[in-house]
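Engineer: fold the stuff below for me.
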Amino acid sequence: MKAHVRSNWQQAVLVCRKCSKKLDGGFGPDGDERLAKALRKHLALKKGRKAAAGIVEVNCLGVCPKGAVTVVNGAQATDWLLVRRGADLDELAETLGLLQGQSGIS
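Structural biologist: Next up, the predicted model:
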């Protein structure tokens with residue numbers, strides 16, 4: 001059995017699955033996608049470990065804001081974001097540091 005597995009991720013972003021499910025979408029061009037999926041599409045990330053950044057839905061993070069999704073940047077875990085429905089994905093990606101000089105991310 002392998003002791004470790006390599007990924008190409010420069011960043012890892014955790015998105016609360018429970019918050020996303022409660023909002024029932026609210027992101028993307030038509031406002032009908034979950035935040036993690038909309039952000040992956042918006043940044044044109046590859047799938048799985050081949051992506052330049054990992055955007056992973058995780059179980060409840062315990063914050064449970066009304067009308068928002070809890071997001072944690074793995075590199076800056078001291079500050080958690082509460083992302084409201086219909087938030088600008090470019091601004092969110094900039095805040096998370098997903099646009100800063102990383103190849104494979106537009």
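Engineer: the chain: helices as residue ranges?
Structural biologist: Using DSSP state H, the helices of the chain run over 17-23, 35-42, 89-96.
Engineer: tell me the most buried of those helices?
Structural biologist: With neighbours defined as mean count of other CB atoms under 10 Å, the helices of the chain peak in mean count at helix 35-42, which reaches a mean of 21. (Glycine included, C-beta is placed from N, CA and C.)
Engineer: for that one, give the mean pLDDT please.
Structural biologist: Per-residue pLDDT over helix 35-42 has a mean of 94.
Engineer: and for that helix, what's in contact with it?
Structural biologist: 13, 15, 20, 23, 26-28, 33, 51, 55-57, 69, 71, 83, 89-90, 92-93 (CB atoms under 8 Å, 6 or more residues apart in numbering).
Engineer: could you check the distance from residue 62 over to residue 4?
Structural biologist: Distance, residue 62 to residue 4, by CB to CB, to the nearest Å: 28 Å.
Engineer: neighbour count winner among those two?
Structural biologist: Set side by side, residue 62 and residue 4 show more neighbours around residue 62, with 8 against 5, by other CB atoms under 10 Å.
Engineer: on that earlier part again, arrange the helices of the chain in TSV, one row each, with distance to residue 78 as further columns.
Structural biologist: Shown next, in TSV, are the helices of the chain (distance: least, CB to CB, whole Å):
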stretch	distance to residue 78
helix 17-23	19
helix 35-42	21
helix 89-96	14
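Engineer: quick one: which of those helices is nearest residue 76?
Structural biologist: The closest of those to residue 76 is helix 89-96. By CB to CB, the value is 8.4 Å.
Engineer: so what touches the closest one?
Structural biologist: Applying CB under 8 Å, 6+ apart, the contact partners of helix 89-96 are 11, 13, 27, 38-39, 42-43, 71, 73, 81, 83, 99-100, 105.
Engineer: from those, which two are the most distant?
Structural biologist: Greatest spacing in the contacts of helix 89-96, by CB to CB: 27 and 100 (21.5 Å).
Engineer: more neighbours: which of those two?
Structural biologist: When neighbours are counted by other CB under 10 Å, residue 27 comes out ahead of the other of residue 27 and residue 100, with 26 against 11.
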